[in-house]
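[1] attaching a predicted model along with its sequence, questions to come.
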Amino acid sequence: MNEAATHPEALARPVGGLLPLLRLATRGRHLKILVGGLIFLALVVTGLLAPVLAPHDPQAQVLEERLRPPGWHQDGSGENLLGTDNLGRDLLSRIIYGSRISLLVGLLTVTVAALIGCLLGALAGYFGGAVDEVISKVVEVFLAFPFLLLAIALMAFLGAGLGNIIVALVLSRWVQYCRVVRGEVLSLRERDFVTAARALGAGDLYIIVRHILPNTLGSLTVVATFAMAIVIITEASLSFLGLGVPPTIPTWGSMLAEGRSYIYRAPWLSIFPGLAIFITVLGINLLGDGLRDVLDPKLRGT
């Protein structure tokens, strides 16, 4: 009698351990991390390898081929897979290069805003008193303005430019990190390990950097992931309004603005950049939602 007949459970035994991995990957939270991570990885690879992946020069104008439909259309050209814009520029190449701006603005904004917000939030939560009151009042002033309206006002004051848009987004997004870190530090500063470190003679700066901030990384990771999706949408909105980077740099928002005038004659000018924004933001939100489920102790066991 063979093993399968003697031990029926052997029939359900995964071969090479692949079945547990498949079940793990298809669970809700892990599936969201997998799908979101793949989309974000695709964005990073596309941005880094844009000169290799783009089939044409995104700035090359071929006026005799302007508003050519996508390549699979009966009137399209196989050389332009997603068609051309009003100046005959290849739309696929411009979308690929536009991912570099979204990636650069998103990563730099999230990184700088997180550094500023974490520093101020840690100081406010750890020292309390007058320090906490002053920082909290500054946070309330920034929160009094709607996020997008504040970004528009800052861009109107600073002027168009890649550096200015990052500064405007950082100034309007650091408060979120500050509030999260402050709340975490208010709880962590009373823990036994902080008291023990203080009793052993550790300084305040050492305690904050070595013992407190590392315990906030879980919450900060989730906040940063969702914030990056919001930053990408905001950058596209500012570019759509003409307050983003210069027109010579292809961005998804500026492509949407250019396609607005040809929405009935050439709808692909707006459809494909819009899909790029939608898929990117959806993937980042899925990644953040999955990370929240995994890192949040209240949701980890559900």
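    Arrived safely, thanks for sending.
[2] leaving out the residues flanking it, which one is nearest to Leu123?
    Val131 (5.7 Å; Cβ to Cβ, 6 or more residues apart in numbering). Every residue, glycine included, has its C-beta placed from N, CA and C.
[3] so that neighbour makes contact with Gly125?
    No. Counting by Cβ atoms under 8 Å, Val131 does not reach Gly125; the two are 9.5 Å apart.
[4] show me where this protein dips below the pLDDT cut-off.
    Scanning the chain for pLDDT under 70 picks out 1-29, 72-78, 296-302.
[5] longest single helix anywhere in it?
    Taking DSSP state H as the criterion, the chain has its longest helix at helix 91-127.
[6] packing partners of that one?
    Where contact means 3 or more Cβ pairs under 8 Å, 6 or more residues apart in numbering; DSSP states H and E, helix 91-127 is packed against helix 28-48, helix 50-53, helix 129-143, helix 162-188, helix 204-207, helix 217-240, helix 252-259, helix 268-295.
[7] out of these, which is closest to Ile152?
    Of all the helices and strands packed on helix 91-127, helix 217-240 sits nearest to Ile152, with 6.9 Å by Cβ to Cβ.
[8] and stretch 238-249, how far out from the chain's middle?
    19 Å (Cα atoms, centre = their mean, to the nearest Å).
[9] how long is that stretch from one end to the other?
    When the termini of stretch 238-249 are compared using Cα to Cα, to the nearest Å, they are 14 Å apart.
[10] then stretch 207-215?
    Using Cα to Cα, the end-to-end distance of stretch 207-215 comes to 11 Å.
[11] list the contacts of Ala236.
    Going by Cβ atoms under 8 Å, 6 or more residues apart in numbering, Ala236 touches 102, 251-253, 256, 277.
[12] tell me the contacts of the most centrally placed residue in the chain?
    The residue lying closest to the centre of the chain (Cα atoms, centre = their mean) is Met228, at 2.7 Å. Shown in contact with Met228 (Cβ under 8 Å, 6+ apart): 106-107, 109-110, 284.
[13] try it again at 7 Å.
    Met228 is in contact with 106, 110, 284, counting by Cβ atoms under 7 Å, 6 or more residues apart in numbering.
[14] before we move on, the earlier item: out of the contacts of Ala236, which two sit at the greatest distance?
    Maximum pairwise distance among those (Cβ to Cβ): 12.5 Å, between Ser102 and Leu256.
[15] and the two? which has more neighbours close in?
    Comparing Ser102 with Leu256 by other Cβ atoms under 10 Å, the one with more neighbours is Ser102, at 26 against 21.
[16] what about the nearest residue to that one once chain neighbours are set aside, how many neighbours?
    Among residues not flanking Ser102 along the chain, Ile232 sits closest, at 4.9 Å (Cβ to Cβ, 6+ apart). Neighbour count of Ile232, defined by other Cβ under 10 Å: 24.
[17] repeat for Asp192
    For Asp192, using other Cβ under 10 Å, the count is 7.
[18] any idea how far Arg198 is from it?
    The spacing between Asp192 and Arg198, counted by Cβ to Cβ, to the nearest Å, is 11 Å.
[19] picking up where we left off before, give the contact list for the residue nearest to Ser102.
    Neighbouring residues of Ile232 by Cβ under 7 Å, 6+ apart: 102, 106, 280-281.
[20] would you turn those residues into CSV with distance to Ser187?
    Listed next are the contacts of Ile232 as CSV, based on distance: Cβ to Cβ, whole Å:
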residue, distance to Ser187
Ser102, 35
Gly106, 30
Thr280, 34
Val281, 32
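[21] which among those gets closest to Val294?
    Using Cβ to Cβ, Val281 comes nearest to Val294 of those, at 20.5 Å.
[22] setting aside sequence neighbours, what's the nearest residue to that closest one?
    Ala229 (4.6 Å).
[23] re the thing from before, Val131 and Gly125: who's more crowded?
    Neighbour count, other Cβ under 10 Å: between Val131 and Gly125, Gly125 has more, with 25 against 14.
[24] does the more buried one touch Leu186 like I think?
    Yes. Counting by Cβ atoms under 7 Å, Gly125 sits close enough to Leu186 to count as a contact (4.7 Å).
[25] contacting residues around the residue lying closest to Gly71 once chain neighbours are set aside?
    Of all residues not flanking Gly71 in the chain, Leu81 sits nearest, at 4.5 Å (Cβ to Cβ, 6+ apart). Counting by Cβ under 7 Å, 6+ apart, Leu81 touches 70-71, 92.
[26] which among the residues you listed end up buried?
    For those, a burial check counting by 16 or more other Cβ atoms under 10 Å picks out 70, 92.
[27] adding distance to Ile152, write the contacts of Leu81 out as TSV.
    Output for the contacts of Leu81, formatted as TSV (distance: Cβ to Cβ, whole Å):
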residue	distance to Ile152
Pro70	33
Gly71	37
Leu92	30
